[in-house]
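> Structure for this input, please:
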Amino acid sequence: MNLHIGQKATRSATFTEKHVKNYADISGDNNPLHFDAAFAAKTKFKRLVVQGGLTTGVLHALVANEMPGPGTVFLSQNWKFTAPVYIGDTVTAEAEILKVHATKPVTHLRIKVRRQDGETVLEGEAWCYTFRPESLQAEGSQ
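Numbers count the residues shown, from 1 in each chain. Sure thing, here's the model as predicted:
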């Protein structure tokens, strides 16, 4: 993929109770904010929220599948959660290229995730590295 400054990509996901349970089964995150409606009702959230790992997981899928693309991993992230994501919400993650390294497969991205109501739930920046199979690297240099 030929990457350039200003290029954007998005990816959306809708989170269900099943996603929250599956994530808890994998990660061990059984925080009552995700499972105990009575507990969550007594907090500022007022209702069940999804784990932050599900929100950031959409970003992992975005960089690995859309842009920069296959073989991409995060080197670092600097982002903050600005609002909750509730069970049933649809979020859309957006990445925008701020910088493409001149000699390495490294990209600097601006990151933003919004709920379906338009509210930003996460924002920040990240650096990514894109691994390429050696055969593709050789073809790209010809």
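> what ranges do the helices span in this structure?
Secondary structure of the chain (DSSP state H): helices located at 17-27, 32-35, 37-41, 52-61, 134-140.
> between those helices, which one is nearest to His108?
The closest of the helices of the chain to His108 is helix 52-61. By CB to CB, the value is 14.3 Å. Yep, even glycine has a C-beta here, placed from its N, CA and C like the rest.
> How about residues contacting that closest one?
Helix 52-61 has contacts (CB atoms under 8 Å, 6 or more residues apart in numbering) with 11-13, 15, 19-20, 23, 27, 29, 74, 77, 79, 81, 85, 91, 93, 95, 111, 113, 121-122, 126.
> right, so of the helices of the chain, which gets closest to Pro70?
Taking CB to CB, helix 134-140 is the member of the helices of the chain nearest to Pro70, at 9.8 Å.
> Looking at the closest one now, give me its mean pLDDT.
The average pLDDT for helix 134-140 rounds to 55.
> Equivalent analysis for stretch 97-117, please.
96.
> And for stretch 18-36?
The average of the pLDDT scores along stretch 18-36 is 97.
> ok, and what's touching that stretch?
The contact list for stretch 18-36 (CB under 8 Å, 6+ apart) reads 39-40, 43, 45, 48-51, 53-54, 57, 87.
> Report the distance from it to the chain centre.
Chain-centre distance of stretch 18-36: 18 Å, with CA atoms, centre = their mean, to the nearest Å.
> just stretch 86-106 next, same as before
Offset of stretch 86-106 from its chain centre (CA atoms, centre = their mean): 7 Å.
> For it, output the C-alpha coordinates as CSV.
Extracted in CSV, the C-alpha atoms of stretch 86-106 (Å, rounded to 0.1, in the frame of the first residue of the first chain):
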residue,chain,number,x,y,z
TYR,A,86,-21.9,1.2,26.5
ILE,A,87,-23.1,-2.3,25.6
GLY,A,88,-25.0,-1.9,22.4
ASP,A,89,-23.0,1.1,21.2
THR,A,90,-21.4,1.2,17.7
VAL,A,91,-18.0,2.9,17.6
THR,A,92,-16.1,4.1,14.6
ALA,A,93,-12.3,4.2,14.8
GLU,A,94,-10.4,6.6,12.5
ALA,A,95,-6.7,6.7,11.9
GLU,A,96,-5.0,9.5,9.9
ILE,A,97,-1.4,9.4,8.8
LEU,A,98,0.7,12.2,10.3
LYS,A,99,4.1,11.0,9.1
VAL,A,100,5.6,8.2,7.0
HIS,A,101,9.2,7.3,7.8
ALA,A,102,11.4,7.8,4.8
THR,A,103,13.4,4.6,5.1
LYS,A,104,11.5,2.3,7.4
PRO,A,105,8.0,0.8,7.4
VAL,A,106,7.0,3.1,10.3
